[in-house]
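Trainee: predicted model, plus sequence, below.
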Amino acid sequence: MRRWFLALLACIALPAAAQTFPDRPIRIIVPVNPGGGTDIFARALQEIIGNSLGQPIIVENRPGASGTIGVQQVVEARPDGHTLGFVWNTPITSAPHTLGTRYTIQSIAPVFQVGYSPFALCARPDFPATDLTSMIAAIRARPNTYTWGNEGLGGVMHLGVERILRQLGLQMTTVPFQGAGQTLPAFLGGHITFFGGSLVGAMPAVRAGTARCYFLTTVGGSPAAPEGSGVGSLGLPEMAITIWWGMIAPQGIPADRMAKLTETFTTAARTPRFLEVMQAQGATRELLVGDAMGRAMRAEYDALGEVARSLGLQKQ
């Protein structure tokens, strides 16, 4: 009788225990080194949420292989809601084409996208241009003379900008780096002609007056770079490409847990405090949640796959 009673108590207690989430710290894997926009935004969300979920949130940097190492850890994690990833788009929409990743876009559950920033090509003040039109004219007049740095061969910026350059008939030499932490010093030191990267990465030089970002890859311009123009001014709005940031998860997280995570993190992302963080980095807040983020991911994935094939960078 006593054994039956204890078993009954265990059955009653099970649903309550199962509903306790999270029951340990939540880990956010950030697949880049500390200090860049991806890391800054992830840690801002961490600080805003604090311990409101009843458990601490831990940000772990897992850089390497254009972010694919960290993303692989996310998709292989147990789908219980305790492991998430905060990423930018390269390891999601371009690296699977150009690096031959073990995961696919179907392996990734989109949670939400927080916003975006243009990629930019920025010149030093002594470059013979005053706007995008004169910058293009200078490049066209001296084909294969100038160099531009980017976030890495086969990354979102490389593929997106190369597509635009080809459409415009501009010929420059691509120099790959591993993020703005390498590209910006090379640009400021005169080792490459143009800084290429997110506008977020260029902001220290823009504020110091040592970079003028004439070429923006959004359709329109940006208040953070008032001298710049977007590809819409060139009649190429369909070729716009941005760096965006968002949260992903492994596939298979129970719906109630995913809903709780989504509500908590998107509420934090909508706060004035988070908006200030994004604006300070020259980024635009734009939330895409769940399926909306997933559709945008897949559209960009397909478009960049075509570019990778045209450049001979597609890996099986």
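Mentor: That came through fine.

Trainee: quick check, G155 in contact with T90.
Mentor: Yes: G155 is within contact range of T90, at 4.5 Å (criterion: CB atoms under 8 Å). C-betas here are computed from N, CA, C, even on glycine.

Trainee: so what sits against both of these two?
Mentor: S66 (CB atoms under 8 Å, 6 or more residues apart in numbering).

Trainee: now do the same contact list for the nearest residue to A211 once chain neighbours are set aside.
Mentor: Distances taken as CB to CB, 6 or more residues apart in numbering place A205 nearest to A211, at 3.6 Å, with adjacent residues excluded. Counting by CB under 8 Å, 6+ apart, A205 makes contact with C122, L184, F187, L188, F195, A211.

Trainee: is it correct that the second one falls within a strand?
Mentor: Which is L184. No: using DSSP: H, G, I helix; E, B strand; the rest coil, the assignment for L184 is helix, not a strand.

Trainee: quote the end-to-end distance of stretch 228-248.
Mentor: 32 Å (CA to CA, to the nearest Å).

Trainee: residue boundaries of the strands in this protein?
Mentor: 26-30, 57-61, 83-88, 108-123, 147-150, 173-176, 195-198, 212-216, 242-250, 284-289 (DSSP state E).

Trainee: who are the contact partners of the nearest residue in space to I49 that is not next to it in sequence?
Mentor: Leaving aside its sequence neighbours, I49 sits nearest to A268 (CB to CB, 6+ apart; 5.0 Å). A268 makes contacts with L45, I48, I49, F274, as judged by CB under 8 Å, 6+ apart.

Trainee: so what pLDDT did A268 get?
Mentor: Looking at A268, its pLDDT is 98.

Trainee: and the residue nearest to the spatial centre of the chain, what is it in contact with?
Mentor: By CA atoms, centre = their mean, the chain has its centre lying nearest to W88, at 1.6 Å. W88 makes contacts with V32, G37, T38, G67, V156, I243, W244, W245, as judged by CB under 8 Å, 6+ apart.

Trainee: tell me the one among those residues nearest to S107.
Mentor: G67 (14.2 Å; CB to CB).

Trainee: count the residues that sit near the closest one.
Mentor: Under the neighbour criterion other CB atoms under 10 Å, G67 is assigned a count of 29.

Trainee: how near is it to A138?
Mentor: Distance, G67 to A138, using CB to CB, to the nearest Å: 33 Å.

Trainee: can you give the domain ranges for the chain?
Mentor: 26-116+243-310, 118-239 (automatic domain parsing).

Trainee: dump these to JSON lines, plus distance to T20.
Mentor: As requested, these are arranged in JSON lines below (distance: least, CB to CB, whole Å):
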{"stretch": "domain 26-116+243-310", "distance to T20": "9"}
{"stretch": "domain 118-239", "distance to T20": "38"}
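
Trainee: what's the per-residue pLDDT of the residue nearest to R102 when sequence neighbours are not counted here?
Mentor: Nearest residue to R102, sequence neighbours excluded (CB to CB, 6+ apart): Q72, at 6.2 Å. Reading off the confidence values, Q72 has pLDDT 97.

Trainee: which residues touch Q72?
Mentor: Q72 touches T101, R102, Y103, counting by CB under 8 Å, 6+ apart.

Trainee: so what's the residue count around the first one?
Mentor: By that I understand T101. T101 has 22 nearby residues by other CB under 10 Å.

Trainee: and if you look at the last one?
Mentor: If you count neighbours by other CB under 10 Å, Y103 ends up with 18.

Trainee: try G100
Mentor: The number of residues near G100, taken as other CB under 10 Å, comes to 11.

Trainee: start and end of stretch 249-259, how far apart?
Mentor: 12 Å.

Trainee: touching that stretch from outside, list them.
Mentor: Applying CB under 8 Å, 6+ apart, the set of residues contacting stretch 249-259 is 21, 74-81, 83-85, 106-109, 111, 261.

Trainee: in CSV: the strands of the chain, plus distance to E300 and mean pLDDT.
Mentor: CSV is the format used below for the strands of the chain (distance: least, CB to CB, whole Å; pLDDT from 0 to 100):
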stretch, distance to E300, mean pLDDT
strand 26-30, 20, 98
strand 57-61, 24, 96
strand 83-88, 12, 97
strand 108-123, 11, 96
strand 147-150, 17, 94
strand 173-176, 20, 92
strand 195-198, 15, 92
strand 212-216, 17, 97
strand 242-250, 9, 96
strand 284-289, 12, 96
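
Trainee: for whichever helix in the chain runs longest, C-alpha coordinates in PDB please.
Mentor: As assigned by DSSP state H, the longest helix anywhere in the chain is helix 291-310. The C-alpha coordinates for helix 291-310 follow below in PDB (Å, rounded to 0.1, in the frame of the first residue of the first chain):
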ATOM      1  CA  ASP A 291       8.600  31.800 -39.300                       C
ATOM      2  CA  ALA A 292       9.200  35.400 -40.600                       C
ATOM      3  CA  MET A 293      12.900  35.100 -39.800                       C
ATOM      4  CA  GLY A 294      12.900  31.600 -41.300                       C
ATOM      5  CA  ARG A 295      11.500  32.800 -44.600                       C
ATOM      6  CA  ALA A 296      14.100  35.600 -44.800                       C
ATOM      7  CA  MET A 297      16.900  33.200 -44.000                       C
ATOM      8  CA  ARG A 298      15.900  30.800 -46.700                       C
ATOM      9  CA  ALA A 299      15.500  33.500 -49.400                       C
ATOM     10  CA  GLU A 300      19.000  34.800 -48.700                       C
ATOM     11  CA  TYR A 301      20.400  31.300 -48.500                       C
ATOM     12  CA  ASP A 302      19.000  30.600 -52.000                       C
ATOM     13  CA  ALA A 303      20.300  33.900 -53.500                       C
ATOM     14  CA  LEU A 304      23.800  33.500 -52.100                       C
ATOM     15  CA  GLY A 305      23.900  29.900 -53.300                       C
ATOM     16  CA  GLU A 306      23.500  31.200 -56.800                       C
ATOM     17  CA  VAL A 307      26.300  33.700 -56.400                       C
ATOM     18  CA  ALA A 308      28.600  31.000 -54.900                       C
ATOM     19  CA  ARG A 309      28.000  28.800 -57.900                       C
ATOM     20  CA  SER A 310      28.700  31.600 -60.300                       C
END
